[in-house]
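S.K.: structure, please.
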Amino acid sequence: MFVATVYLLSKPRSIYLVDYECYKPPVTCRVPFSAFMEHSRLILSNPKSVEFQMRILERSGLGEETCLPPAIHYIPPSPTMDAARGAAEMPVFSDAVFVRVHPNSNAVVVSTEIITPNYYHQGKERAMLLPNCLFRIGGAAILLSNLSSDRWRSKYRLEHVVRTHKAYRCVFEEEDKEGNVGISLSKDVMADFI
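M.R.: I've put the predicted structure just below:
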């Protein structure tokens, strides 16, 4: 009896992902490819940059229903810090995210994707034009619990995983040769996913 008690008390407690929700932006944030490309033609001075973005969009796997934050809809875009905060608040404080749904939970993790402060609209560097095509506005929240009573209602039981980053500086904010700030994506970014 003593050995069984010690075993049960020393055994690592399971972590359960009880529930999750993904943020769906309002229809006004939708950017079909045609609208994105029209904006690109109006704000990018280099036709080769516009062509590059079109090729990336065609290969990206993104659908016609993807959304961009409101500040990126302006011509020219308005990537201010206030606009970035507003874009972050949209998914974080949405009614769909679990902060309001489960107030007595153990942990709520909210993750957002915000392109607003790093929208690259003045330069020609392809590595910095890439994020314009791939990143959008979005968010997700997960509710985590280590209560054994949540085992039966959880969607997943989390496993222990160790991850090592292999691609240092594969996503990096920097200035291009002309002094325009953007996010540079390196081909090494895929090394972290292999």
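
S.K.: give me the residues contacting stretch 51-70.
M.R.: Under the contact criterion Cβ atoms under 8 Å, 6 or more residues apart in numbering, stretch 51-70 has outside partners 25, 28-33, 36-37, 40, 44, 83-84, 86-87, 90, 114-116, 126, 129-130, 132-134, 136-138. From N, CA and C alone the C-beta is placed, and that goes for glycine too.

S.K.: got a list of what the residue nearest to the spatial centre of the chain touches?
M.R.: Among the residues of the chain, the one closest to the centroid is Glu113, at 2.8 Å (Cα atoms, centre = their mean). The neighbours of Glu113, taking Cβ under 8 Å, 6+ apart as the test, are Phe135, Arg136, Ile137, Gly138, Gly139.

S.K.: make TSV out of the residues you listed and add distance to Ser184, secondary structure and pLDDT.
M.R.: Shown next, in TSV, are these (distance: Cβ to Cβ, whole Å; DSSP: H, G, I helix; E, B strand; the rest coil; pLDDT from 0 to 100):
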residue	distance to Ser184	secondary structure	pLDDT
Phe135	13	coil	88
Arg136	18	coil	88
Ile137	21	coil	88
Gly138	21	strand	86
Gly139	24	strand	87
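
S.K.: now list the buried members of the residues you listed.
M.R.: By neighbour count, with 16 or more other Cβ atoms under 10 Å, these hold Phe135, Arg136, Ile137, Gly138, Gly139 as buried.

S.K.: is it true that the second one touches Thr112?
M.R.: No. Counting by Cβ atoms under 8 Å, Arg136 stays clear of Thr112, with 10.8 Å between them.

S.K.: contacts only, for the closest residue to Ile15 other than its chain neighbours.
M.R.: The shortest distance from Ile15 to any non-neighbouring residue, by Cβ to Cβ, 6 or more residues apart in numbering, is to Leu158 (4.4 Å). Contacts were defined as Cβ under 8 Å, 6+ apart; by that measure Leu158 touches Ser14, Ile15, Tyr16, Leu17, Leu144.
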